[in-house]
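**Student:** what follows is a predicted structure for the sequence shown.
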Amino acid sequence: MYIHDRAKQIATGGVLTVILILGACGQPPATGGPVRSGPPEVAVVTMQPQRLAITTELTGRTSANRVAEVRPQVNGIIRERLFTEGADVKAGQALYQIDPAPFHAALDNAKAALSRAEANLPAIRSRADRLRELLVDNAVSQQDYDDAAAALKQAEADIQYGKATVETARINLGYTAITAPISGRIGRSNITEGALVAAYQPLPLATVQQLDPIYVDVPQATTEVLRLRRRLEDGRLNHNGNIRNKVRLLLEDNSPYPWEGALQFRDVTVDPTTGSVMLRIVFPNPQGVLLPGMFVRAVVEEGVNPRALLIPQQAISRDHKGNPFTLSVDAAGKVRQRLLTLDRALGAAWLVSSGLAPGERVIVEGMQKAQPGASVKVVTFEAGSAKKRGERKNTTPPPAKSH
């Protein structure tokens, strides 16, 4: 009985084994992913030359167009301040009033001295004339006439001196009203009413600054100046004076300044401590946004590159020495490595100086799947295509319908 049951179990197991083998033959082999066939797919962009304005961003500070320090020209006591600190003033506007009483007295004294000299002149002139007539008849000595003539000249000189003294006193009286030498915005006052001031003292009473237009002074390294000159000589940049004179400005909070400036001049002296030359740029400042001493960034247009090649930054790799290179696809679909010389970053792209030619197809996506010399399948790169492909890849397929 035991032998019979054992044989029955063996026979049943054999039948099940045959059924499983036959069932497996009808199913495709299980794999961990889709089977790839053919060359890998890469997305490329075709290098097309374009007209590009080349700019350089330089940091600098603002400075007033004109600066005048207000100082007294006579000694005295400040009796009144006639302006509001921080306000706009006009040239010739009265700012301070020095006590004019001593200067009025000096003017009156000078006028009195002049009147005395003028009163003595007729009598002295008449005596000199009489002695000259008598000298002809030898009625008086030559010495008497010479003394009278000298007295006349001295009286005339006293009158001229008196007139000059009166004018000086009048000028000093006018200086008691301290006026603004230029139009602009005045700062804080360094003195108050009742303060004693001296003529041409070192400490200014106040400072007036003209802020419209305003200067922006930026240093530029001499290496950049030489590089720009070489690029102009090589023909890589077109020299257009009107374009190079246009300058844009970025404020401290990275916001753009609404008005364009003009490059006024480049200094002819190199600062030995920094190895740079100073550029002076003039900006309109009608709303007073720019104040002296502000830190700003000036975007200076150097010229125009008529055949600029821009390559996306994601298409750039670097070798173990740090040299930039990219991968391109030739007409036969083969991958080629291109060593590049880069000029500068412009947004999300690099400006290529050398290493690429117009019309070359540069790999932007799929560089990790491409090897130099290998064949690849080329598709056109589109902005946002990588995100879309990732979304499709991560989408769960719908369940199969059961029959």
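**Tutor:** On my side now, so go ahead.

**Student:** if I pick the closest residue to E41 other than its chain neighbours, what's in contact with it?
**Tutor:** Residue nearest to E41 in three dimensions, not counting chain neighbours: K377, with 4.5 Å by C-beta to C-beta, 6 or more residues apart in numbering. In short, each C-beta sits where N, CA and C put it, glycine included. For K377, the contacting residues are 38-42, 333, by C-beta atoms under 8 Å, 6 or more residues apart in numbering.

**Student:** hmm, 10 Å instead?
**Tutor:** Contact analysis of K377 by C-beta atoms under 10 Å, 6 or more residues apart in numbering lists 38-42, 329, 333, 366.

**Student:** of all those, which comes closest to A357?
**Tutor:** The closest of these to A357 turns out to be V329 (C-beta to C-beta; 13.5 Å).

**Student:** close enough to count as contact, the closest one and V378?
**Tutor:** Yes. V329 is in contact with V378 according to C-beta atoms under 10 Å; the separation is 5.5 Å.

**Student:** quick one: the helices in the stretch 101-250 of the chain?
**Tutor:** 101-136, 142-175, 222-234, 241-244 (DSSP state H, counting those that start in this stretch).

**Student:** give the next helix or strand downstream of the longest strand seen in the chain.
**Tutor:** If you go by DSSP state E, the chain has its longest strand at strand 50-70. For strand 50-70, the following helix or strand on the C-terminal side (DSSP states H and E) is strand 76-81.

**Student:** quick one: that following strand to chain centroid distance?
**Tutor:** Here strand 76-81 is found 42 Å from its chain centre; the criterion is C-alpha atoms, centre = their mean, to the nearest Å.

**Student:** stretch 114-122 now?
**Tutor:** 67 Å.

**Student:** and it, what's buried?
**Tutor:** 114, 117 (16 or more other C-beta atoms under 10 Å).

**Student:** and what of stretch 90-109?
**Tutor:** Quick answer for stretch 90-109 (16+ other C-beta under 10 Å): 95-98, 100, 102-103, 106-107.

**Student:** same deal with stretch 63-76?
**Tutor:** Within stretch 63-76, the residues scored as buried using 16+ other C-beta under 10 Å are 63-65, 68, 70-72, 74, 76.

**Student:** send the alpha carbons of that stretch over as CSV?
**Tutor:** Output of stretch 63-76 as CSV, limited to C-alpha atoms (Å, rounded to 0.1, in the frame of the first residue of the first chain):
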residue,chain,number,x,y,z
SER,A,63,29.9,111.6,-6.9
ALA,A,64,28.4,115.1,-7.2
ASN,A,65,28.7,116.9,-10.5
ARG,A,66,29.8,120.1,-8.7
VAL,A,67,30.7,120.6,-5.0
ALA,A,68,31.1,124.0,-3.3
GLU,A,69,32.1,124.5,0.3
VAL,A,70,30.6,127.6,1.8
ARG,A,71,33.0,129.7,3.8
PRO,A,72,32.9,133.3,5.1
GLN,A,73,35.0,135.9,3.5
VAL,A,74,35.0,138.3,6.5
ASN,A,75,35.2,137.9,10.3
GLY,A,76,32.1,138.3,12.4
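
**Student:** which of the contacts of K377 count as buried?
**Tutor:** For those, buried by 16+ other C-beta under 10 Å: 39, 42, 329, 366.

**Student:** can you lay out those residues as TSV showing distance to L342, secondary structure and pLDDT?
**Tutor:** Formatted as TSV, these follow (distance: C-beta to C-beta, whole Å; DSSP: H, G, I helix; E, B strand; the rest coil; pLDDT from 0 to 100):
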residue	distance to L342	secondary structure	pLDDT
P39	29	coil	83
V42	22	strand	87
V329	20	strand	88
G366	22	coil	82
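
**Student:** ok, so of these, who is nearest Q48?
**Tutor:** V329 (15.6 Å).

**Student:** look up how far Q313 lies from the residue minimising distance to the centre of the chain.
**Tutor:** Closest to where the C-alpha atoms of the chain average out (C-alpha atoms, centre = their mean) is A298, at 2.5 Å. According to C-beta to C-beta, to the nearest Å, A298 stands 25 Å off from Q313.

**Student:** can you list the domains in this protein?
**Tutor:** By the assignment in automatic domain parsing, the chain contains the domains 41-50+308-382, 54-64+210-306, 72-97+177-203, 101-175.

**Student:** so, low pLDDT: which residues of the protein?
**Tutor:** 1-37, 228-245, 383-403 (pLDDT under 70).

**Student:** report the two of the contacts of K377 separated the most.
**Tutor:** Longest span within the contacts of K377, C-beta to C-beta: G38 and V329, 15.1 Å.

**Student:** mutual contacts of V329 and V378, please.
**Tutor:** Going by C-beta under 10 Å, 6+ apart, residues that sit against V329 and also against V378 are 42, 44, 361, 363.

**Student:** rebuild the buried residues of stretch 63-76 as JSON lines, extending it with distance to A262.
**Tutor:** Formatted as JSON lines, these follow (distance: C-beta to C-beta, whole Å):
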{"residue": "S63", "distance to A262": "16"}
{"residue": "A64", "distance to A262": "17"}
{"residue": "N65", "distance to A262": "13"}
{"residue": "A68", "distance to A262": "24"}
{"residue": "V70", "distance to A262": "30"}
{"residue": "R71", "distance to A262": "33"}
{"residue": "P72", "distance to A262": "38"}
{"residue": "V74", "distance to A262": "42"}
{"residue": "G76", "distance to A262": "45"}
